[in-house]
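Asker: generate coordinates for the sequence data below:
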Amino acid sequence: MPAKPRADDRVKHKNADLAMEENPDGIILKLIRDKHSAEEGFLLLVRTYQQRLYWHIRRMLDDHDDTDDVLQETFIKAWKGIRHFREESQLFTWLYRIATNEALSFLRKREKDKKLSLQLSREESPVQVEPGTPPGGEVISMKLRQAVVRLPEKQRLVFNMKYYDEMKYEEMSAILGTSVGALKASYHLAVKKIENLLDLD
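Answerer: Okay, the predicted model is just below:
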């Protein structure tokens, strides 16, 4: 039978959990920068941020398998560059920038390849709604997603970051290297185009 944890051990674990909640980046970077705990630290980084990064990439690519590939490449790039991370921004902001660049690179590569060119709504059938039937949440969500896919690449990215991820323009500016004013303009253009597309359905 395993030994019962001592009171001081329980206190240490509790303090570690509190520290992780208050400063996850600090804990992760401290582990990664110690060669004896680097792999443990990187696994913690993956567990902490993979879900948020997955959905950011997924909204750009609209395909699970492609998203998994880009997410994996994102973490490979992060592993190679983490020791040079200067903490001038939050760790997630840095990861988000890598994921964004990888997703955009993937889209450009796919668009150059005629066999894998981006198809409207990933070849999904249009949503059929019976006349006079009030649109449900799933239908509205699907129609919105189809409209977002039809946006230009940059506007789609800005819309996803602002609408779905609820990011501030200042955060988006740090990630994309674009001025706040330009981002606001892109977002409002995206919203207007989506409204027009939805009105056509």
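Asker: residue 98 contacts residue 77, correct?
Answerer: Yes. The pair residue 98 / residue 77 is scored as a contact, 5.2 Å apart, by CB atoms under 8 Å. Where C-beta positions appear, they are placed from N, C-alpha and C, glycine not excepted.
Asker: neighbour count for those two, which is higher?
Answerer: Comparing residue 98 with residue 77 by other CB atoms under 10 Å, the one with more neighbours is residue 98, at 18 against 15.
Asker: please name the residues that touch the more buried one.
Answerer: Residues in contact with residue 98 (CB atoms under 8 Å, 6 or more residues apart in numbering) are 74, 77, 78, 81.
Asker: ok, and the most crowded of the residues you listed?
Answerer: Tallying neighbours with other CB under 10 Å puts residue 74 at the head of these, with 25 neighbours.
Asker: excluding covalently adjacent residues, which one is nearest to that residue?
Answerer: Ranked by CB to CB, 6 or more residues apart in numbering and with sequence neighbours excluded, the top spatial neighbour of residue 74 is residue 99, at 4.5 Å.
Asker: same deal with residue 154?
Answerer: Distance criterion CB to CB, 6+ apart; nearest residue to residue 154, sequence neighbours excluded, is residue 186 at 6.1 Å.
Asker: cool, residue 28 as well?
Answerer: Nearest non-adjacent residue to residue 28, counting by CB to CB, 6+ apart: residue 45, 4.9 Å away.
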